[in-house]
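A.B. asks: sequence first, predicted coordinates after that:
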Amino acid sequence: MQVDVARAKKVKSILVTLPKPENDKSPYFTLAEKYNLKLDFRGFIHVEGVPAKDVRKEKVNFADFSAVIFTSKNAVDHFFRVCEEMRYEVSSEMKYFCISETIALYLQKYIQYRKRKIFFGKQTAKDLEEVLKKHSKEKFLFPCSDVANEETQKWLQDNGYDFTPAVLFRTVISDIQDLENVFYDVIVFFSPSSVQSLYENFPDFKQNNTRVAAFGATTQQELLKHDLILDIPAPTPEAPSMTMAVEQYIKQVNK
């Protein structure tokens, strides 16, 4: 990782723009302990469910679909929430296509995992390609947020799948104004919406010596729109995860 020498000051504190994990197994805790860092979590955005009556207005009838594609745990939660609100019982024949094994296993919260048809990829819709090819005749429901993953939709479209996006939850900017006079050496972003939240809450934000870490191309593009310097990008071939990228940076500047 190339480090900008002029900005290479020692890292003592990190703000991760996600809600605090429910357990202490997060790799960020390990990182904080290893390098004696002050670590805070704070969700810059949150999710609100779209009521079933609004979903009905969009003329989306769940009974018309033979398969569902899930790209997040939020999508799983809100799909089953809307089913319950509509009093719709999901057929045991329904096929579930999940973008990762983590999301596939999360389905256990709602269904008997072993008795259902569940398929998963490694991390992107493209990873599901081989599986989806074998099920190309299905009618797919794609539960998503109002800022849906365009990459997934584009891929499904380009490959001619019969799918219908259904906005079941919305991404909403959180009130983080209490952080006004709190400063961190590194702020870690995971979505364009979290960067937008920073500027909605603090229109006059100045980066100064704060190093910025960002995961994913769309998040990084959003930073550039605001003329922020991207100090720690991920994923990269050397650092496939955000924590690995942050650790590699710290190793260099905290010598």
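C.D. replies: Noted; the coordinates are in hand.
A.B. asks: quick check: pLDDT value at Thr124.
C.D. replies: Looking at Thr124, its pLDDT is 68.
A.B. asks: where does pLDDT dip in the stretch 1-150 of the chain?
C.D. replies: 123-125, 148-149 (pLDDT under 70).
A.B. asks: let me see the ranges of the strands in the stretch 1-150 of the chain.
C.D. replies: Secondary structure of the stretch 1-150 of the chain (DSSP state E, counting those that start in this stretch): strands at 13-16, 38-41, 45-49, 67-70, 95-98, 117-120, 140-145.
A.B. asks: now the ones you listed in CSV, with distance to Gln196 and mean neighbour count?
C.D. replies: For the C-beta atoms, the positions are set from N, CA and C on the backbone; glycine is no exception. Below are the strands of the stretch 1-150 of the chain laid out as CSV (distance: least, CB to CB, whole Å; neighbours: other CB atoms under 10 Å):
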stretch, distance to Gln196, mean neighbour count
strand 13-16, 16, 22
strand 38-41, 19, 16
strand 45-49, 8, 16
strand 67-70, 25, 24
strand 95-98, 28, 22
strand 117-120, 30, 18
strand 140-145, 14, 23
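A.B. asks: let's have those in a markdown table, adding distance to Tyr161.
C.D. replies: As requested, those are exported to a markdown table (distance: least, CB to CB, whole Å):
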| stretch | distance to Tyr161 |
| --- | --- |
| strand 13-16 | 35 |
| strand 38-41 | 36 |
| strand 45-49 | 25 |
| strand 67-70 | 9 |
| strand 95-98 | 10 |
| strand 117-120 | 14 |
| strand 140-145 | 6 |
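A.B. asks: so how far is Lys73 from Ala166?
C.D. replies: Ala166 sits 16 Å away from Lys73 when distances are taken as CB to CB, to the nearest Å.
A.B. asks: I meant to write Lys137 there.
C.D. replies: Counting by CB to CB - Lys137 and Lys73 are separated by 28 Å.
A.B. asks: those two - which one has more neighbours?
C.D. replies: More neighbours surround Lys73 than the other of Lys137 and Lys73, with 15 against 9 (other CB atoms under 10 Å).
A.B. asks: pretty sure the more buried one sits against Ala104.
C.D. replies: No - with contact defined as CB atoms under 8 Å, Lys73 does not reach Ala104; the gap is 10.7 Å.
A.B. asks: can you check the distance spanned by stretch 38-48, start to finish?
C.D. replies: 30 Å (CA to CA, to the nearest Å).
A.B. asks: now stretch 175-190: average pLDDT?
C.D. replies: 95.
A.B. asks: end to end on that stretch, go ahead and measure it.
C.D. replies: 17 Å.
A.B. asks: do stretch 210-226 as well
C.D. replies: End-to-end for stretch 210-226, by CA to CA: 14 Å.
A.B. asks: excluding its own residues, what touches it? List them.
C.D. replies: 7, 11, 183-192, 194-196, 199, 228-235, 242, 245-246, 249 (CB atoms under 8 Å, 6 or more residues apart in numbering).
A.B. asks: and stretch 115-134, which residues are buried?
C.D. replies: Residues of stretch 115-134 classed as buried by neighbour count (16 or more other CB atoms under 10 Å): 116, 118-121, 125, 128, 132.
A.B. asks: any idea how far Asn201 is from Lys12?
C.D. replies: Counting by CB to CB, the separation of Lys12 from Asn201 is 23 Å.
A.B. asks: the two: which has the busier surroundings?
C.D. replies: Neighbours were counted for Lys12 and for Asn201 using other CB under 10 Å; Asn201 has more, 17 against 14.
A.B. asks: can you tell me the closest non-neighbouring residue to that one?
C.D. replies: Among residues not flanking Asn201 along the chain, Ile176 sits closest, at 5.0 Å (CB to CB, 6 or more residues apart in numbering).
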